[in-house]
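>>> compute the structure for the input listed below.
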Amino acid sequence: MNQRNNMIIPLIASIGIGCATYYSMRNNGNFHPFQNMTQMFRNATDKMN
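All right, here's what the predicted structure looks like:
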């Protein structure tokens, strides 16, 4: 049970990140997913710090 949870959580997280980048790309009309992802991760790390 515990090993299964350890696999499911990162899977859900990666799907969530994928959806977020997809929708942000669509809304911005911007087709540079890596730029958007790096920007998102920078914002996330800035908020953490």
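>>> show the pLDDT at residue 41.
For residue 41, the pLDDT comes out at 79.
>>> what about it, how many residues nearby?
Using other Cβ atoms under 10 Å, residue 41 has 11 neighbouring residues. (Each C-beta comes from the backbone N, C-alpha and C, glycine too.)
>>> that one is in what secondary structure piece?
For residue 41, the host element (DSSP states H and E) is helix 33-48.
>>> try residue 10
Assigned by DSSP H and E, residue 10 belongs to helix 2-28.
>>> how near is residue 3 to residue 9?
The gap separating residue 3 from residue 9 is 11 Å, by Cβ to Cβ, to the nearest Å.
>>> over to residue 27?
From residue 27 across to residue 9, the span is 27 Å (Cβ to Cβ).
>>> between residue 3 and residue 9, which has more neighbouring residues?
Under the criterion of other Cβ under 10 Å, the comparison of residue 3 against residue 9 puts residue 9 first, with 10 against 7.
>>> so what's that one scoring on pLDDT?
With respect to pLDDT, residue 9 has a value of 84.
>>> same thing with residue 28?
67.
>>> one more: residue 23?
Note for residue 23: predicted pLDDT of 80.
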